[in-house]
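Participant: generate a structure from the sequence data that follows.
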Amino acid sequence: MQGSGLSLSAASRRALAGALALAASACVPRAELCAGVGECGGGRACVAGRCQPPAGVPAIQQARRVVAEPVALAFVHRDDPGAGTVARLGAGDGATLLLRFALRLPAGAHVVEAYLLLERDEGSPAAPVTLHLARIEEPWQPGVPWALSPRVGRVASPRTRVPAVGPSSVRLDARGLVARWMTERDPRDFGVAVVATAAAPPGVAVRLAPGLAPGWGAAGADDEHGASRSGHGPRLELYVK
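Facilitator: Model (predicted):
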């Protein structure tokens, strides 16, 4: 280094560059949630879709868990299927799951993690798909038909790869979207949409709510223990300090 009185060898410079690159990569958000230890590297663990340092304590272990049900839900695609309790995403028909939440958090609450949880419909045929969340930018109502589907914004969250066979619960990253709701209060936010990045028939089937049609409205619910009145329907999982 000129001007410092120190000189680094070529090998030292390469080692320093590698260390800086590794540190920088650890700070850059992943484009996808991790699904296993092998995806994180550097001895880091995959906890709830996040790569954690070997000796670190995941933030969710030091926070209170809050689960919120949607106050409105609609499942739209080109065939307009009508009533049903299952949504099939990624089948190539443009299917989108629309959700709206009414969060009730105390003033000063800090959301350290946020996920949308979906439950697979066990026994339904499936193919690997990639899902993500995006914000809804136009008003909509439960039961909205395909022809009147609201405009959905650009991809706003890391993707989740859903295998054809895997755990019953599917976790989608909602941290950025929830942070936006709490800080910006953007009037163009009308909920979140679950979208598949590409067609992979037959896609994956997820449960909406037992006994409820794909267009419904209900009172939201917060429960620090994770109870959900709608059983295995979509729900927002928050970790709050």
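
Participant: secondary structure class for Q61?
Facilitator: Three-state assignment for Q61 (DSSP: H, G, I helix; E, B strand; the rest coil): helix.

Participant: could you report the separation of it from S157?
Facilitator: Q61 sits at a distance of 22 Å from S157 (criterion: CB to CB, to the nearest Å). Bear in mind the C-beta positions are built from the backbone N, C-alpha and C, glycine included.

Participant: more neighbours, those two?
Facilitator: Neighbours per residue (other CB atoms under 10 Å) separate Q61 from S157, with S157 holding more: 24 against 10.

Participant: and the next helix or strand past the helix or strand bottoming out on mean pLDDT in the chain?
Facilitator: Least confident helix or strand of the chain, by mean pLDDT, DSSP states H and E, is strand 222-223 with a mean of 39. Helices and strands here follow DSSP states H and E; after strand 222-223, the next one along the chain is strand 235-240.

Participant: give me the neighbour count for E138.
Facilitator: A count of nearby residues for E138, using other CB under 10 Å, gives 12.

Participant: gap between it and A164?
Facilitator: E138 is 33 Å from A164, where distance means CB to CB.

Participant: again, but for S149
Facilitator: 27 Å.

Participant: more crowded one of the two?
Facilitator: Set side by side, S149 and A164 show more neighbours around S149, with 19 against 12, by other CB under 10 Å.

Participant: how far away is that one from A179?
Facilitator: Noted for S149: a distance of 26 Å to A179, by CB to CB.

Participant: same check on R135?
Facilitator: With distances taken as CB to CB, R135 is found 12 Å from A179.

Participant: between these two, which one's more packed in?
Facilitator: Neighbours were tallied for R135 and for A179 using other CB under 10 Å; the higher tally belongs to R135 (22 against 13).

Participant: where does pLDDT dip in the chain?
Facilitator: For the chain, residues meeting the criterion pLDDT under 70 lie at 1-33, 35-39, 41-50, 52-60, 80-83, 155-156, 185-188, 210-231.

Participant: contacts only, for L116.
Facilitator: By CB atoms under 8 Å, 6 or more residues apart in numbering, L116 lies in contact with L99, L133, R171, L172, A174, V192, V194, P234, R235, L236, E237.

Participant: near the first one, how many other residues are there?
Facilitator: By that I understand L99. L99: 23 neighbours (other CB under 10 Å).
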